[in-house]
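Undergrad: Okay, predicted coordinates and the sequence, questions at the end:
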Amino acid sequence: MDNSLAHKIKSSILYFFIIALSFIIKICYQFSYIFKRVYYSACLKASLWEADISVQCDSKVYILGTKKITIGKRCRIGRDTEFETEEYGIIKIGDDVRINRGTTIVSYSKINIGDFAIIGEYVSIRDANHGMKLNMPMRYQPHDSSPIEIGRDVWIGRGSCILGGITIGDGSVIGANSVVTKDIPAYSIAVGSPAKVISKRKD
Ligand SMILES: CC(C)(COP(=O)(O)OP(=O)(O)OC[C@H]1O[C@@H](n2cnc3c(N)ncnc32)[C@H](O)[C@@H]1OP(=O)(O)O)[C@@H](O)C(=O)NCCC(=O)NCCS
């Protein structure tokens, strides 16, 4: 057998192994993906009994503080989402809500998110501000909090910030990177910082 033929055979065997290995990895990956979702959903249930059994977590979800959090049926929660309740804070998530990765929801009074809401990646929903009096460092001042109400079927775009005391009406859309500083009426499309209504949803 000459050298070039031996080389071709070696290359073919190598290609065959790479293709076979890539198939095996692909199959294992599918199983590990399913396993990961089941594992992290069980972790959530273990740390938060008030989460419905049907809630799915894509990856690790952080539950912090007093854990006064309820999560409804068929919700799906993305990687590194953080829920925190402090003092009198309560977080209530309705049914069929989708929360994308990196979202932070922190409550010192009350945050309600209605059924079918979609929360984009890296959204911040916080119902409290640090005290801002001049006589002491803000770090050590008590929080001022005011409840947030997010209606049914609301879509909040990526990177948005929802401040304390805000109500977002049913069916509204908040554009990416908006800062919501005032109430948004139902079925509005609002964008920007501060978020302003630019139109209404139509059929
Ligand atoms: C809010 C949104 C749905 C509006 O879409 P649309 O109705 O097609 O709006 P248009 O693209 O026609 O924009 C209308 C006007 O609003 C402005 N605008 C749109 N989105 C904006 C935003 N996020 N911030 C600031 N201005 C925005 C546009 O520049 C345009 O201004 P103009 O009339 O002066 O040119 C869309 O822009 C958006 O932000 N989607 C969120 C995407 C996202 O975060 N996905 C995460 C997946 S969960």
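TA: Received the coordinates, thanks.

Undergrad: At the contact with the ligand, which residues of this protein appear?
TA: Contacts of the chain with the ligand, taken as C-beta under 6 Å from any ligand atom, map to 100, 118, 120, 157-158, 173, 175-178, 189, 191-192, 198. Yep, even glycine has a C-beta here, placed from its N, CA and C like the rest.

Undergrad: which one of these has the most neighbours?
TA: Within these, neighbour counts (other C-beta atoms under 10 Å) peak at S178, which reaches 24 neighbours.

Undergrad: Look up how far Y122 lies from it.
TA: Using C-beta to C-beta, to the nearest Å, S178 is found at 13 Å from Y122.

Undergrad: pLDDT added to the residues of the chain next to the ligand, as JSON lines?
TA: Below are these laid out as JSON lines (pLDDT from 0 to 100):
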{"residue": "N100", "pLDDT": "98"}
{"residue": "I118", "pLDDT": "98"}
{"residue": "G120", "pLDDT": "98"}
{"residue": "G157", "pLDDT": "98"}
{"residue": "R158", "pLDDT": "98"}
{"residue": "V173", "pLDDT": "98"}
{"residue": "G175", "pLDDT": "98"}
{"residue": "A176", "pLDDT": "98"}
{"residue": "N177", "pLDDT": "98"}
{"residue": "S178", "pLDDT": "98"}
{"residue": "I189", "pLDDT": "98"}
{"residue": "V191", "pLDDT": "98"}
{"residue": "G192", "pLDDT": "98"}
{"residue": "I198", "pLDDT": "98"}
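
Undergrad: could I get the residues you listed as JSON lines with secondary structure?
TA: Converted to JSON lines, the residues of the chain next to the ligand look like this (DSSP: H, G, I helix; E, B strand; the rest coil):
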{"residue": "N100", "secondary structure": "coil"}
{"residue": "I118", "secondary structure": "strand"}
{"residue": "G120", "secondary structure": "coil"}
{"residue": "G157", "secondary structure": "coil"}
{"residue": "R158", "secondary structure": "coil"}
{"residue": "V173", "secondary structure": "strand"}
{"residue": "G175", "secondary structure": "coil"}
{"residue": "A176", "secondary structure": "coil"}
{"residue": "N177", "secondary structure": "coil"}
{"residue": "S178", "secondary structure": "coil"}
{"residue": "I189", "secondary structure": "strand"}
{"residue": "V191", "secondary structure": "strand"}
{"residue": "G192", "secondary structure": "coil"}
{"residue": "I198", "secondary structure": "strand"}
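
Undergrad: how about the helices in the protein?
TA: Ranges of helices in the chain, per DSSP state H, are 3-47.

Undergrad: pLDDT weak spots in it?
TA: 1 (pLDDT under 70).

Undergrad: circling back: right, and out of the residues of the chain next to the ligand, which lies closest to F35?
TA: Checking these against F35 by C-beta to C-beta gives N100 as the nearest, at 21.5 Å.
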